[in-house]
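> Structure, please.
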Amino acid sequence: MTPRGETFSVHIITLLLSSLFIPTAIAAGSATTGSDPGTGLAFWRYEAEGILFELNQRLPDQTRAFFQARGFDTDAANQFATSCVFQSRLLNTAVAGGASLQFNLNEWRVISGNKSSSMATTDDWMPRWKKQSIGQAARIAFKWSLLPTEQTYAPGDYNWGMTSYDQPPGTRFNLTLVWHREGRRESATIRNIECPADSPQETP
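Take a look at the predicted model:
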């Protein structure tokens with residue numbers, strides 16, 4: 001049996017080699033932003049041939065309450081709520097008979113200032129919750145609440161789920177998306193995304 005740490009290392013090396021040897025085409029699409037008239041929360045949307053990706057701000061208070069209601073303690077719920085969480089949607093907009101899209105969020109990059117980092121996916125959070133003795137039912141609820149880390153979308157397929165970017169509340173960053181279609185690796189960047197601000201927390 002291969003140790004988990006060794007398997008993880010092999011996975012990272014594979015991703016790095018893939019990025020070196022697979023040419024990446026910059027997709028010809030458009031990014032837009034706006035805000036919900038009811039809540040005032042901002043959204044960012046990227047559309048190109050066959051793909052739509054949308055980010056909607058979630059207030060940390062919303063996320064804290066959501067996970068506390070599903071068995072998370074206050075500290076764990078706060079860790080996730082303040083990690084720059086968005087409600088996200090991925091859609092393959094190709095018509096029937098068109099190409100499938102493959103995603104692996106581990107390939108996406110968060111650029112803040114001069115620093116480039118990966119997103120915080122379920123691969124990162126689940127071991128942390130287990131180490132902090134978060135119950136199994138709560139961990140399962142968490143996993144199903146997030147956008148899948150890896151997924152193939154046939155034409156018309158879509159997913160909703162939370163995504164987190166491991167940035168403090170109020171941070172602005174650029175996000176480089178990567179997807180694969182018909183053997184081609186494509187990418188695009190959404191700029192000046194703003195992590196939702198947090199409200200002051202009362203001291204017990």
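> which residue ranges form the strands in this structure?
Here the chain has its strands, by DSSP state E, at 24-26, 30-35, 42-48, 51-57, 85-92, 101-104, 109-112, 115-118, 150-153, 158-164, 172-181, 184-194.
> Take the ones you listed and lay them out in TSV including distance to Arg70 and mean neighbour count.
Heads up, the C-betas are built off the backbone N, CA and C, glycines and all. Listed next are the strands of the chain as TSV, based on distance: least, CB to CB, whole Å; neighbours: other CB atoms under 10 Å:
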stretch	distance to Arg70	mean neighbour count
strand 24-26	38	12
strand 30-35	28	12
strand 42-48	25	18
strand 51-57	20	20
strand 85-92	14	22
strand 101-104	25	20
strand 109-112	26	18
strand 115-118	25	13
strand 150-153	22	16
strand 158-164	12	17
strand 172-181	27	19
strand 184-194	26	17
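> got CSV for those strands, with distance to Gly135 and mean pLDDT too?
Formatted as CSV, these follow (distance: least, CB to CB, whole Å; pLDDT from 0 to 100):
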stretch, distance to Gly135, mean pLDDT
strand 24-26, 41, 70
strand 30-35, 37, 94
strand 42-48, 33, 97
strand 51-57, 28, 97
strand 85-92, 21, 98
strand 101-104, 28, 96
strand 109-112, 30, 97
strand 115-118, 27, 95
strand 150-153, 25, 96
strand 158-164, 19, 96
strand 172-181, 32, 97
strand 184-194, 33, 96
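> With respect to Gly71, which of those strands lies nearest?
Across these, Gly71 has its closest neighbour in strand 158-164 (16.3 Å, CB to CB).
> Tell me what angle that closest one forms with strand 51-57.
Angle between the axes of strand 158-164 and strand 51-57 is 40 degrees (criterion: axes from the mean of the first three to the mean of the last three CA atoms, to 10 degrees).
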